[in-house]
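*Asks:* can't give you the sequence, but here's the structure:
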């Protein structure tokens, strides 16, 4: 065999081996996806956020190892930017935000950035917006914080922390009580603090779903008979709201309303009382009165997104436009999509 | 005859008849290897001599020892760096430890692989070696084996250093995580660390073979730059696959020529991200030996294809 023939044969053999190698290549690629070996956040997802916010060390880190190290350094940078005021509810939400986002994508198994991002948006920034009476912006920030937390859960389904953060934000900021109870129940599969079942009870109490609330407080008492908070809640509910609830379930709506009103006369702005009253009206079929009661609950109390959402829902049901001074947050589980920029799609109060 | 059967099996693998691609492909590879061995009839003694000379020579290179010392210091400091991240100390320890091994292993593999043959050619010592009964292909194979054994030894030193740090620090960190209800065990995590280090070894084998292959026809600087670039591009191989198979009509359509180009790049590139099991390390899930075996096998075969190419290039190179 001549020199040239040998060359061609050699190259042909290599080409053949290369083709034969491809099935193995595909097998590994396929099984890495099936068994979750792939990086959860590919580089394409990371660089879609402002690359200028990312320091030089990042490129190498993203490609090879050191993702966690790079995330750590960026986290320090984010803290500095934050303290310098590089994030503000009413204007720039620039570099600090982008760096924060990059950290969560670089190392999605690091819980602290998710928790902090959720906290910064739902509490710090939303408070700034609230102080400036920009309620639409406030709502957007709360939603964005929740989006962060829920996305964090999707990367870390096996840890307690983020489930609790989501539950708490739904309960305390969004006032979406069904969702709050659902996420809090998810934390019960992990080692959890004693107050979690009580918090579920609180959520159902505020909704109100009196039987569910009582069930959860009973559960707390079974776990710890010395739980005075649960004991107090059970006594209050049994005395104030349970009779009205039972009457409502029996179809005795007027009597139920009378029973609720008895305590509302003492505390006209009582959240649970107002919510219960509106629920009774709704069960009765008097949607107009229910709307008025929800409306009163929404405007007379400090921010009550839950009541505002009920106003929006009932307005749509009745075919009347939602009042202009009501700012409501979209209900249901948050979208994982990044919310829109400044101003958002949410309505603002007149005069803002 | 062997070749004809191999071609037939490759054809069957491409057609993926009854989903037996992997079987046909593996058999074809085996036959191609046997055919190559029959054609080449290598002198294993010569290969061994070149490999051992390469290993002893490489050990004395100053830059290698500097990188090794740097790596051991970095690995030793991983315990300190872990404390910077109080909520994720174990993850940080793993990240810095294995990251340091990978980074320094990469530097050693690239610079050693790129310089071995280039230096011999530049200093004309290759003429002396090839004047002896050593064929060019045997010289290349010997150089590759010598380089890989050297890289393996350096990785072992780094791996042992990390494992000592890990064994000191990890038990308390694992216990801390177990205390907050996380399901993980020290044995499982330690086994994952060993598997990750093993995969780095095969990753460096591929990288060494790239550097050596390019150095058979180019300068060592070009080889080093090419190897680094390929390494980084190889980490992005899934991105090329994504473009090549992109079929979402709701989004802007990607030019077919770009898709074709991406497919070729994806098929040609070594998939370095295959050797990264960081995800399992951080989620503390078990890493199966089947996956380690297939990934390592993929690395070995890819390296062999590259070394075969290097033999062809070097055999036809004019000095």
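*Replies:* Looks like it came in fine. Bear in mind that the values here come from a model prediction, so they are computed numbers and not experimental data.
*Asks:* low-confidence stretches in the stretch 201-350 of chain A?
*Replies:* A:324-350 (pLDDT under 70).
*Asks:* let's see that with 50 instead.
*Replies:* Scanning the stretch 201-350 of chain A for pLDDT under 50 picks out A:331-350.
*Asks:* tell me who's in contact with the residue in the stretch 101-250 of chain B that chain A sits nearest to.
*Replies:* At 3.2 Å from chain A, residue B:181 is the closest residue in the stretch 101-250 of chain B, using Cβ to the nearest Cβ. For the C-beta atoms, the positions are set from N, CA and C on the backbone; glycine is no exception. With contact set as Cβ atoms under 8 Å, 6 or more residues apart in numbering or on different chains, residue B:181 has these partners: A:160, A:190-192.
*Asks:* secondary structure class for it?
*Replies:* The local conformation at residue B:181, judged by DSSP: H, G, I helix; E, B strand; the rest coil, is coil.
*Asks:* and the contacts of residue B:181, which of them are buried?
*Replies:* The neighbour count (16 or more other Cβ atoms under 10 Å in any protein chain shown) marks A:160, A:190 as buried among the contacts of residue B:181.
*Asks:* in what helix or strand does residue 126 lie?
*Replies:* All of this is about chain A. Using DSSP states H and E, residue A:126 sits in helix A:126-131.
*Asks:* sorry, should have said chain B
*Replies:* Per DSSP H and E: helix B:125-131 holds residue B:126.
*Asks:* residue closest to the middle of chain B?
*Replies:* Chain B has residue B:203 as the residue nearest its centroid, 2.0 Å off, counting by Cα atoms, centre = their mean.
*Asks:* next, the closest residue to residue B:58 other than its chain neighbours: phi, psi?
*Replies:* Distances taken as Cβ to Cβ, 6 or more residues apart in numbering or on different chains put residue B:150 closest to residue B:58, at 4.2 Å, once the chain neighbours are dropped. Dihedral angles of residue B:150 (phi, psi; degrees, to the nearest 10) stand at phi -60, psi -50.
*Asks:* could you chop chain B up by domain?
*Replies:* Taking automatic domain parsing as the reference, chain B has its domains at B:1-41, B:44-315.
*Asks:* with distance to residue A:252 added, can I get these in a markdown table?
*Replies:* Converted to a markdown table, the domains of chain B look like this (distance: least, Cβ to Cβ, whole Å):
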| stretch | distance to residue A:252 |
| --- | --- |
| domain B:1-41 | 67 |
| domain B:44-315 | 47 |
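*Asks:* rank those domains by pLDDT, which is bottom?
*Replies:* Of all the domains of chain B, domain B:1-41 carries the lowest average pLDDT, namely a mean of 74.
*Asks:* if I pick residue B:157, what's in contact with it?
*Replies:* B:68, B:72.
*Asks:* what about it, helix or strand, and which?
*Replies:* Element membership for residue B:157, per DSSP H and E: helix B:136-179.
*Asks:* mind checking what helix or strand follows that helix in sequence?
*Replies:* Once the chain leaves helix B:136-179, the next helix or strand it forms, by DSSP H and E, is helix B:186-215.
*Asks:* tell me which residues in that following helix are buried?
*Replies:* Within helix B:186-215, the residues scored as buried using 16+ other Cβ under 10 Å are B:188-190, B:192-193, B:195-215.
*Asks:* secondary structure element for the residue nearest the centre of chain A?
*Replies:* By Cα atoms, centre = their mean, chain A has its centre lying nearest to residue A:146, at 2.8 Å. For residue A:146, the host element (DSSP H and E) is helix A:135-155.
*Asks:* other SSEs contacting that helix?
*Replies:* Under the contact definition 3 or more Cβ pairs under 8 Å, 6 or more residues apart in numbering or on different chains; DSSP states H and E, helix A:135-155 sits against helix A:95-106, helix A:111-119, helix A:126-131, helix A:160-169.
*Asks:* switch the cut-off to 7 Å
*Replies:* Helices and strands touching helix A:135-155, as assessed by 3 or more Cβ pairs under 7 Å, 6 or more residues apart in numbering or on different chains; DSSP states H and E, comprise helix A:111-119, helix A:126-131, helix A:160-169.
*Asks:* how far away from the center of its chain is the shortest one?
*Replies:* Meaning helix A:126-131. 18 Å (Cα atoms, centre = their mean, to the nearest Å).
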